[in-house]
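> how does the following fold in three dimensions:
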Amino acid sequence: MSERATDHLSTRNLDEAVAGLKFDAAGLLPAVVQDDADGTVLMVAWMDAEAVRRTLTTGRTWFWSRSRRQYWQKGETSGHVQHVRSVTADCDADTLLVRVEQVGPACHTGTRSCFSHPLGAGA
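Next up, the predicted model:
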């Protein structure tokens, strides 16, 4: 979803989309971030209603930091931004799939994906 693609989102449509989501007791839901080009799962982070609104209206990913208790925009300090291509809720409306064009590594450790540590035998 480019910034131009979000132009069609009226305040009413945006409010309806967010109102249809099921947040947990803390007002959060997980957002799985996936590379739009090749399907790689890049990261998982938490969003509240305001982070969802910011993501949908800006075309960039916004999250809620549970430890710092503040909003953060991916790439704000690193420059490794995520351009949102689509946001889809799962069948229960309690998890989001955010497909992005990733600029640079997605993980704070400098790797492309946060999922780079296989577990178990055969891993």
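> and the helices in the chain?
11-19, 49-58 (DSSP state H).
> turn the ones you listed into CSV, columns for mean pLDDT and distance to residue 77.
C-betas here are computed from N, CA, C, even on glycine. Formatted as CSV, these follow (pLDDT from 0 to 100; distance: least, C-beta to C-beta, whole Å):
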stretch, mean pLDDT, distance to residue 77
helix 11-19, 87, 27
helix 49-58, 96, 17
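> out of these, indicate the one that is most buried.
Of all the helices of the chain, helix 49-58 has the most neighbours on average by mean count of other C-beta atoms under 10 Å, namely a mean of 18.
> by contact count, what packs against that helix?
Judged by 3 or more C-beta pairs under 8 Å, 6 or more residues apart in numbering; DSSP states H and E, helix 49-58 is in contact with helix 11-19, strand 62-65, strand 70-73, strand 82-89.
> tell me the pLDDT at residue 117?
Residue 117 carries a pLDDT value of 87.
> typo on my end, residue 85
The predicted local distance difference test score for residue 85 is 97.
> does it touch residue 100 like I think?
Yes: with contact defined as C-beta atoms under 8 Å, residue 85 counts as touching residue 100 (6.1 Å).
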